[in-house]
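Chemist: Could you work out the structure for the sequence below:
(2 chains)
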Amino acid sequence: MIMQEVVVTLSQSNTEHAILASGSERERGGKKRSRLERMKVIIAREKYLYVLALPGLLFFLIFKYFPIWGLALAFQNYSPYLGFWGSEWVGLKYFYDFFTNPDFLLLFRNTMAISLLNIMFFFPVPIVLSLLINEVRSLKFKKTIQTIIYLPHFLSWVIIAGICFIILGQSDGIINKIIVELGGQPIGFLTEPNYFWGLLTAQSIWKEAGWGTIIFLAALAGINQDLYEAAQIDGANRWKQMLNVTLPGIKSTIIVLLILRLGQVMEVGFEQVYLMMSSPVSHVADVFDTYVYRTGIQNGRFSYATVVGIFKSVVGLLLVVMANRLAKKFGEEGLY
Amino acid sequence: MKHSFGYKFTNGMIYAVLSLIGLVTLLPFLYVIIISFTDPSEYLSKSLILIPEKWSFSSYRYILSTEMFIRSLGVSAFLAIVGSIISIMITSALSYSLSRRQFFGKKFFLLAILMTMLFNPGMIPNFLLVESMGLMDTIWSLILPAVTSAWYVFLMRNFYQELPEELEEAAKIDGSNDIGVFFKIMLPISLPAIAAFGLFFAVGFWNTYFNGVLYINSEELRPMQVVLQMMLIQASTNVADPSVAAMLQSEQMLPPETIKMAAVVVASLPIILVYPFLQKYFVKGMLVGSIKG
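Modeler: Sure thing, here's the model as predicted:
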């Protein structure tokens, strides 16, 4: 999801600037009235547009901006009984508690490990898949494969987890049943801590890699077909064409998506981890979001959990901003 | 054009690898479907079943007769229908107005919406907001916070930008205001796109899971994904909710596995049914404006 999200917004800024520029020029070209008056006139004239926009803008204000105020909780000893105004202010106490807690390093390690494994093993899969699909000449086959590999994306993580249990479970999983039938010992795919990160990566690949091809297939479709003809005339075979025409053609897409993915390194699929987590693997599975849920919602330590949330959000924001700068350095458009 | 042996060989390899990938994607589903239709007594008597000798609907009959599962399906269906309608109305109205040139302050609002993609205050502030609004344990706690997102607004706005402005001007000459233009002209002509977005919202609402865990306490309001998760995961450990554990204990002594898999199939069915329609639009929808020359 993230990938598509990013690229869609990426490309908008261009047209955006053009339109905004033309709009503001028009306004500037108006009569010499005071700014405020002019604003009033424009707003009055377009009042119905504002009426249309109002519910949506209210949504963003209430559900996306208003909660930011709740971050003040981090500096309080918040108690639901005393409420926000009645709770005691404690300054940076919970920040100190969190950063000196051994849990902090554990969460950080797990988040990084899951994320980096994902970047190393998940990220290349949609690229390779789309290169393969791009080589298929039969339209029918192409459509069929695409239909199949996009499907898991639409199923919830609950369903994916359920399927995972019936396939990989220790006693009722089909794989272990086959292993036992062949005289082997059942393997704890879901309960062995050493397998857990790999399990998450494999699950992500199975669910999302097909969907991830969309953006690369679109980039591939944008490559100038004349380049292939020219390469053929020069005697390039299929492999050479791929190396010298196809890959350079999607290079910038790959770089931007990789950089932006690195900016999302703090984001680990929360529902996925939460659903696959069990006590034998909890020490390798606990990530920031699961920790926030457990300490905050389940144990009621709201202020402490808010600190954890702030840490994650702030580091996440910094990384996205850095990634965006970096993408621009490569001569590409960033997220904003 | 004749192709060399090498070319044909590579082709064969590509088709083989892709077919294998397709198979790996499909096999788990296939196995789930097979288990769900396996005759319960056969499932219990054999240790390993690849293709059952006897097929049976009894797991489906059972799961569709439990009040809890049926009610949760109702909750999820309500979310998918009502939620999507609200989402579509709010998102398209906002995106439409933000796509109009004359919307003063557009730049500010777009930036404000974009910012929400970069910074998320996190679970606790969101939780406390829902609580302080008095939405806890109501169906609205599952709809309102999920009404739209910056991503959908940008995607839809892109779409409205491409509609010709003349349409709007013609309607305005006929005396319509912006609201009239939006409802009488823009919505009807963008119906196919609206339908596609509606399906996306519907899939999202149907898949509502964690908000259900966070905000819902009463049994009657649990969305289907929450009940499914309780059946699938908790039931195999000892922390199961008593009502869910009871649900897996049928009078006919059906094996929990076949019941669970029947539930998985029922839960996926609506998605698999709308999928062909979704697919028609989503690639286009995803790519609206996303590819630069």
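Chemist: What's the first helix or strand after the helix or strand of chain A with the lowest mean pLDDT?
Modeler: Within chain A, confidence by mean pLDDT, DSSP states H and E is lowest for helix A:2-28 among all helices and strands, at a mean of 42. Using DSSP states H and E, the helix or strand that directly follows helix A:2-28 along the chain is helix A:35-45.
Chemist: Extract the CA atoms of that following helix and return them as CSV.
Modeler: Extracted in CSV, the C-alpha atoms of helix A:35-45 (Å, rounded to 0.1, in the frame of the first residue of the first chain):
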residue,chain,number,x,y,z
ARG,A,35,-6.4,41.2,1.3
LEU,A,36,-8.9,40.5,4.0
GLU,A,37,-11.8,42.0,2.0
ARG,A,38,-10.8,40.1,-1.1
MET,A,39,-10.7,36.9,0.9
LYS,A,40,-14.2,37.6,2.3
VAL,A,41,-15.6,38.2,-1.2
ILE,A,42,-14.0,35.0,-2.6
ILE,A,43,-15.2,32.9,0.3
ALA,A,44,-18.7,34.3,0.1
ARG,A,45,-18.8,33.7,-3.6
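Chemist: Does at least one residue of that helix sit close to chain B?
Modeler: Yes: using CB under 8 Å from any CB of the partner chain, we find that helix A:35-45 touches chain B at A:39, A:42-43, A:45. Every residue, glycine included, has its C-beta placed from N, CA and C.
Chemist: Just the element for residue 98, please.
Modeler: If you meant another chain, say so; for now it's chain A. Since the elements are taken from DSSP H and E, A:Phe98 ends up inside helix A:93-100.
Chemist: The intended chain is chain B.
Modeler: Counting by DSSP H and E, B:Leu98 is part of helix B:84-99.
Chemist: anything in that helix near chain A?
Modeler: Yes: with CB under 8 Å from any CB as the criterion, chain A is reached by helix B:84-99 at B:89-91, B:93-98.
Chemist: Now do that helix: which elements does it pack against?
Modeler: If you count contacts as 3 or more CB pairs under 8 Å, 6 or more residues apart in numbering or on different chains; DSSP states H and E, helix B:84-99 packs onto helix A:47-59, helix B:106-118, helix B:150-161, helix B:191-206.
Chemist: thinking again about what came up before, convert the C-alpha atoms of the helix holding A:Phe98 to PDB, please.
Modeler: These are the backbone C-alpha positions of helix A:93-100, laid out as PDB (Å, rounded to 0.1, in the frame of the first residue of the first chain):
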ATOM      1  CA  LYS A  93       9.700  11.200  33.800                       C
ATOM      2  CA  TYR A  94       8.100   8.700  31.400                       C
ATOM      3  CA  PHE A  95      10.700   9.500  28.700                       C
ATOM      4  CA  TYR A  96      13.400   8.700  31.200                       C
ATOM      5  CA  ASP A  97      11.500   5.500  32.300                       C
ATOM      6  CA  PHE A  98      11.200   4.300  28.700                       C
ATOM      7  CA  PHE A  99      14.700   5.000  27.500                       C
ATOM      8  CA  THR A 100      16.300   3.400  30.500                       C
END
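Chemist: ok, residues contacting that helix?
Modeler: Helix A:93-100 is contacted from outside by A:74-75, A:77, A:104, A:303-304, A:306-308, A:311, using CB atoms under 8 Å, 6 or more residues apart in numbering or on different chains.
Chemist: From A:Ser204, how far out is the residue lying closest to B:Asp241 once chain neighbours are set aside?
Modeler: The spatially closest residue to B:Asp241, leaving aside those adjacent along the chain, is B:Met230, at 5.5 Å (CB to CB, 6 or more residues apart in numbering or on different chains). Distance, B:Met230 to A:Ser204, using CB to CB, to the nearest Å: 24 Å.
Chemist: Low-confidence ranges, the stretch 51-200 of chain A, go.
Modeler: For the stretch 51-200 of chain A, no stretch has pLDDT under 70.
Chemist: Let's see that with 80 instead.
Modeler: A:83-84 (pLDDT under 80).
Chemist: Kindly report the same for the stretch 1-150 of chain B.
Modeler: B:1-4, B:6.
Chemist: let's see 90
Modeler: Applying pLDDT under 90 to the stretch 1-150 of chain B picks out residues B:1-11, B:40-54, B:58, B:65-66, B:100-106, B:117-122.
Chemist: Show me where it has its helices.
Modeler: Ranges of helices within the stretch 1-150 of chain B are B:5-37, B:40-45, B:58-63, B:67-78, B:84-99, B:106-118, B:123-132, B:140-143, B:150-161, based on DSSP state H, counting those that start in this stretch.
Chemist: which strands and helices sit next to the first one?
Modeler: Which is helix B:5-37. Partner elements for helix B:5-37 (3+ CB pairs under 8 Å, 6+ apart): helix A:124-135, helix A:139-150, helix A:157-168, helix A:193-221, helix A:238-241, helix B:58-63, helix B:256-287.
Chemist: out of those, which comes closest to B:Gln102?
Modeler: helix B:256-287 (26.5 Å; CB to CB).
Chemist: now the angle from that closest one to helix A:157-168?
Modeler: 130 degrees (axes from the mean of the first three to the mean of the last three CA atoms, to 10 degrees).
Chemist: Let me see the contact set for residue 60.
Modeler: In the absence of a named chain, this looks at chain A. A:Phe60 touches B:112-113, B:116, B:150, counting by CB under 8 Å, 6+ apart.
Chemist: please go with chain B instead
Modeler: By CB under 8 Å, 6+ apart, the residues touching B:Tyr60 are B:36, B:262, B:265-266.
Chemist: I appreciate the help and will end here.
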